[in-house]
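K.L.:
Let me see the structure of the following:
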Amino acid sequence: MGLVRCAGPFSLCRFTILNRGKPFDVDGLLINHPEVVIAPGTPIERWCLSATDIDRMRAIAALPMIAGVGAIWASTETKAIEAAGILSAAHGLGIQVAEDLGENDRTSTGFLPPSEFERAADAFFAQPETSVRGWERAVDAQARVHRAVSRIASSHVNGDLAIVAHGAVGTLLFCMLAGSLINRSFDQPFQGHFWRASLPDLRPIEGWKPIAPRA
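P.N.:
Below you'll find the model as predicted:
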């Protein structure tokens, strides 16, 4: 974990990406925002992206797979809005926000030291119907983000759709859409990943892939 950690954004869209230099069409992309600067005295939802990971977001914003984005959504958390803003600036688009795209509610504990956070996160995924240390239950966070993304995707009409949210809810959403039980084995290995899905049915095509090399 070190001095930085993050939750994670994701997006859903239709676009063309490159595979060994050859373009192919895909139906969706889910991006988890990259790492943030840990600020123990600041509410987690107000944490900002680290300088290194701003560069990682700029790298994915410049890729051909993002070129067809016609709308960008983000949660109301600072890190998601910052990540969405990088996509927005690269493509001349505005940002729409939705509070129910937010990360699982952990306000009962606030900041936890890395090792303690990992133990709590393991329990969060392992006991999805239990409020671990007062956190929002995994089943509730999963249902919330599914409603939010379904609502946004069903009303989207222009070009590709990018939704920037967070890692835990992104993993929970993937589990639901893939027809799998909640399990942390589906989680990203580190912050700043994406997964693809089709639109409008939100069918996952592949699991988490890094948005850019990690420094």
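
K.L.:
Who are the packing partners of the biggest helix by length in the chain?
P.N.:
The residue-count maximum for a helix in the chain (DSSP state H) belongs to helix 138-155. Counting contacts by 3 or more Cβ pairs under 8 Å, 6 or more residues apart in numbering; DSSP states H and E, helix 138-155 is packed against strand 160-165, helix 167-177. Using the backbone N, CA and C atoms, a C-beta is placed for each residue, glycine as well.

K.L.:
Just name the most buried of the ones you listed.
P.N.:
Most buried of the helices and strands packed on helix 138-155, by mean neighbour count (mean count of other Cβ atoms under 10 Å): strand 160-165, with a mean of 29.

K.L.:
Let me know the angle separating it from helix 138-155.
P.N.:
Angle of strand 160-165 versus helix 138-155, following axes from the mean of the first three to the mean of the last three Cα atoms, to 10 degrees, is 160 degrees.

K.L.:
what bits of this protein have low per-residue confidence?
P.N.:
Counting by pLDDT under 70, the chain has low-confidence residues at 1-30, 215.

K.L.:
change it to 80
P.N.:
Residue ranges of the chain with pLDDT under 80: 1-34, 157, 215.

K.L.:
hang on, the earlier thing: give me the buried positions along the longest helix of the chain.
P.N.:
Of all the residues in helix 138-155, those buried under the rule 16 or more other Cβ atoms under 10 Å are Ala138, Asp140, Ala141, Gln142, Arg144, Val145, His146, Ala148, Val149, Ile152, Ala153.

K.L.:
Just give the closest residue to Ile152, not the sequence neighbours.
P.N.:
In space, and not counting its chain neighbours, Ile152 is closest to Trp73: 5.6 Å by Cβ to Cβ, 6 or more residues apart in numbering.

K.L.:
Number of residues surrounding the one you found?
P.N.:
24 (other Cβ atoms under 10 Å).

K.L.:
Torsion angles phi and psi at it?
P.N.:
phi -120, psi 150 (degrees, to the nearest 10).

K.L.:
Tell me who's in contact with it.
P.N.:
By Cβ atoms under 8 Å, 6 or more residues apart in numbering, the contact list for Trp73 reads Ala84, Ile95, Gln96, Val97, Ala98, Leu101, Ile152, Leu161, Ala162, Ile163, Val164.

K.L.:
just checking, what packs against the helix or strand harbouring the first one?
P.N.:
Element membership of Ala84, judged by DSSP states H and E, is helix 78-91. Counting contacts by 3+ Cβ pairs under 8 Å, 6+ apart, helix 78-91 packs against helix 51-61, strand 69-74, strand 95-97, strand 160-165.

K.L.:
rerun that using 10 Å as the cut-off
P.N.:
In terms of contacts (3 or more Cβ pairs under 10 Å, 6 or more residues apart in numbering; DSSP states H and E), helix 78-91 is packed against strand 30-32, strand 36-37, helix 51-61, strand 69-74, strand 95-97, strand 160-165.

K.L.:
Perfect, that will be all.
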